[in-house]
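**Q** With the sequence up front, the predicted model follows.
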Amino acid sequence: ALAVIKPLAALGLPPLLLLLIGLAVAIPVCMLLGAAIERIAYRPLRNAPRLAPLITAIGVSIMLQYLVVLIWGRSYHAYPELLPTTPMDIFGARINATQIVIMALSGTVMAALLWLVHRTRLGRAMRATAENPAVAQLMGVSVNRVVTFTFAIGSALGAVAGVLVSVNYSVAHYQMGFLLGLKAFTAAVLGGIGNLA
C-alpha cells in the first residue's frame, strides 16, 4: 500500500481517497498471498499433528518478514499523514481523527465478518468445516475451497490492519506485524480460538 500511497500523496489527492486506494491495493494482494500460502504451506499438513501448522505459521511469518527485507530493506519507511493527528478531548480521553476512523472501520469490518460467518452460505460452510471437515465433505462442502477462502478472508483483514497501523503510527517496517501478531494470538487464546464474539 505504501508503494502506491507515497507517489499519489505527492499529487495532492485527498487523504481519505489515498487511504481507500491503499486498502484497495493491499487487500487483493494479501488475499492472493494468503491463498497461495494455504495451498503451499498448510494444505499438505491438513492431517498432520496439531503442532505442525503452528510451527509452519512461525516459519511462514519469518519467511514473509525477510521477503519484505529483500524487497524494501530493513529501514523504517515514513507513511504519509493521511488523517489529522490533532488530539481532541472526548469525555476525558485524548483521541485524534485517525484513531476515530480506525475504530469506526474496525467496527464495520468486524460487523461484516460476523454477518459473513453467521448469515451466508460460505459462513455456514466455514462453520461446518471447522466443526468436522469429514462430515462437511460428506454433506457436499468443498473443504479445500472453504479453507482457501478462509485464508483469503483472514489475509484481507490482515491487510486492513496493516494499513491502519501504518496510518496510526505514520511508519512502516518489516517487523511491524510481529508484536501485533503476538497480541492477536494471545487474544485468540484467551477469547477462544474460533470464537468471533
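**A** That came in fine, so what should we check first?
**Q** ok, the closest residue in space to Gly177 that isn't next to it in sequence - contacts?
**A** Leaving aside its sequence neighbours, Gly177 sits nearest to Gly162 (Cβ to Cβ, 6 or more residues apart in numbering; 6.4 Å). In this view, the C-beta of every residue, glycine as well, is placed from N, C-alpha and C. Residues near Gly162 by Cβ atoms under 8 Å, 6 or more residues apart in numbering: Ala1, Ala26, Cys30, Met176, Gly177.
**Q** Point out where this protein drops to low pLDDT.
**A** Applying pLDDT under 70 to the chain picks out residues 193-197.
**Q** what residue is smack in the middle of it?
**A** Nearest residue to the geometric centre of the chain (Cα atoms, centre = their mean): Gly158, 0.8 Å.
**Q** if I look at that residue, how far off is Arg46?
**A** 21 Å (Cβ to Cβ, to the nearest Å).
**Q** Over to Leu32?
**A** Distance, Leu32 to Arg46, by Cβ to Cβ: 21 Å.
**Q** Likewise for Ser106?
**A** Relative to Arg46, and taking Cβ to Cβ, Ser106 is found at 31 Å.
**Q** quick one, helices of the protein?
**A** Using DSSP state H, the helices assigned to the chain run over residues 2-10, 15-37, 51-72, 97-119, 121-131, 133-138, 143-169, 176-191.
**Q** ranking the ones you listed by burial, who's on top?
**A** helix 143-169 (a mean of 19; mean count of other Cβ atoms under 10 Å).
**Q** quick one: that helix to chain centroid distance?
**A** Computed by Cα atoms, centre = their mean, to the nearest Å, the separation of helix 143-169 from the middle of its chain amounts to 3 Å.
**Q** ditto for stretch 123-142
**A** For stretch 123-142, the distance to the chain centre is 24 Å (Cα atoms, centre = their mean).
**Q** which residues touch that stretch?
**A** Leu116, Val117, Val143, Val146, Val147, Phe149, Thr150, Gly194.
**Q** ok, the residues you listed vs Ile102, which is closest?
**A** Leu116 (20.8 Å; Cβ to Cβ).
**Q** Distance of the closest one relative to Met110?
**A** 11 Å.
**Q** just Pro28 next, same as before
**A** Relative to Met110, Pro28 is positioned 20 Å away (Cβ to Cβ).
**Q** cool, and Ser166?
**A** Applying Cβ to Cβ to Ser166 and Met110 gives a distance of 20 Å.
**Q** how near is the residue lying closest to Tyr169 once chain neighbours are set aside to Gly22?
**A** Closest residue to Tyr169 apart from its sequence neighbours, by Cβ to Cβ, 6+ apart: Tyr79 at 7.5 Å. Distance, Tyr79 to Gly22, using Cβ to Cβ: 9 Å.
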